[in-house]
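Chemist: No sequence on hand, only this structure:
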């Protein structure tokens, strides 16, 4: 019984998604994939201002376009080039964002992947049959590129060519004194965004996260830090710096690990595709000396 409930729940979710894509709000005749109803519904005068993507096709929901007259579409884990203005995915109505209608091929794949259950009622089976009536074999572009392969190549490119190697700057330089704040910072930028042309035309964005290991068992905040500013005391404003006070003399290794969280987007596809994290690290030694008293007046 639990298997049947899970199967029907999955089907119900897909049917609901299909009804939303078709613009349906309740019971009534269903349009099958491939029919004109799979385009975004045309709103009435009272809703036109609320639906910015009137007439948009599922493949043209990104505001960008390539200089060479093509966009991409995503289906089945692959990106395929689609000529602008062509019959599959080109056309106006860019900038859809979350309002972008679904790819009919992808919805067909979901419905047929779940499949009809023997326990379906007659009404449930009729609903399912209506949705998949025009679903046929999906023919993929042999020149399509797997998103997983693209993501792997772009992550390697980030690691080897684009992202800066972190450095660790310690103030005061070389050594400090026990129980006094020692300031650390790095010149790693807050974020990276850049365009690439291979293996696809894409925009890569990456944001860093920082882990400071001060070498004595203590760690620092997720922040790049900043250089010392005489106008900002680290004692009075500890949150302004990445700073640490060592309690015992000795030599310590300060290690900074920067983990870049990235994704890429392509023209014509509103979805962002994640990249594997890129981890880069740097280390710098520091010597902590015992702080001693200094006689400044003998009166």
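Modeler: Now that the structure is in, tell me what you want to look at. Everything quoted here is computed from the prediction, not taken from an experiment.
Chemist: Which residues does residue 71 form beta bridges with?
Modeler: Residue 71 has these beta-bridge partners by DSSP bridges: residue 82.
Chemist: residues near it, how many?
Modeler: The burial count assigned to residue 71 is 26, neighbours taken as other C-beta atoms under 10 Å. Heads up, the C-betas are built off the backbone N, CA and C, glycines and all.
Chemist: Number the chain from 823, please
Modeler: Taking 823 as the first residue, the last one we looked at is residue 893.
Chemist: wait, doesn't it sit right on residue 1092?
Modeler: No: with the criterion set as C-beta atoms under 8 Å, residue 893 and residue 1092 do not qualify as a contacting pair; they are 11.2 Å apart.
Chemist: Quick one: the helices in the stretch 873-1022 of the chain, in order.
Modeler: All helices of the stretch 873-1022 of the chain, identified by DSSP state H, counting those that start in this stretch, fall at 926-936, 944-954, 969-979.
Chemist: Just the buried residues of the last one, please?
Modeler: This points to helix 969-979. Residues of helix 969-979 classed as buried by neighbour count (16 or more other C-beta atoms under 10 Å): 969, 972, 973, 975, 976, 977, 979.
Chemist: Output the contacting helices and strands for it.
Modeler: strand 900-905, strand 1024-1035, strand 1072-1087, strand 1095-1096 (3 or more C-beta pairs under 8 Å, 6 or more residues apart in numbering; DSSP states H and E).
Chemist: What of the second one?
Modeler: Using 3+ C-beta pairs under 8 Å, 6+ apart as the contact criterion, the neighbours of helix 944-954 among helices and strands are helix 824-844, helix 926-936.
Chemist: repeat that with 6 Å
Modeler: Using 3 or more C-beta pairs under 6 Å, 6 or more residues apart in numbering; DSSP states H and E as the contact definition, the elements that helix 944-954 packs against are helix 926-936.
Chemist: In terms of secondary structure, what does the helix it packs on contact?
Modeler: When contacts are defined as 3+ C-beta pairs under 6 Å, 6+ apart, helix 926-936 packs onto helix 824-844, helix 944-954.
Chemist: Give me the angle between that helix and helix 944-954.
Modeler: Computed by axes from the mean of the first three to the mean of the last three C-alpha atoms, to 10 degrees, the angle separating helix 926-936 from helix 944-954 equals 140 degrees.
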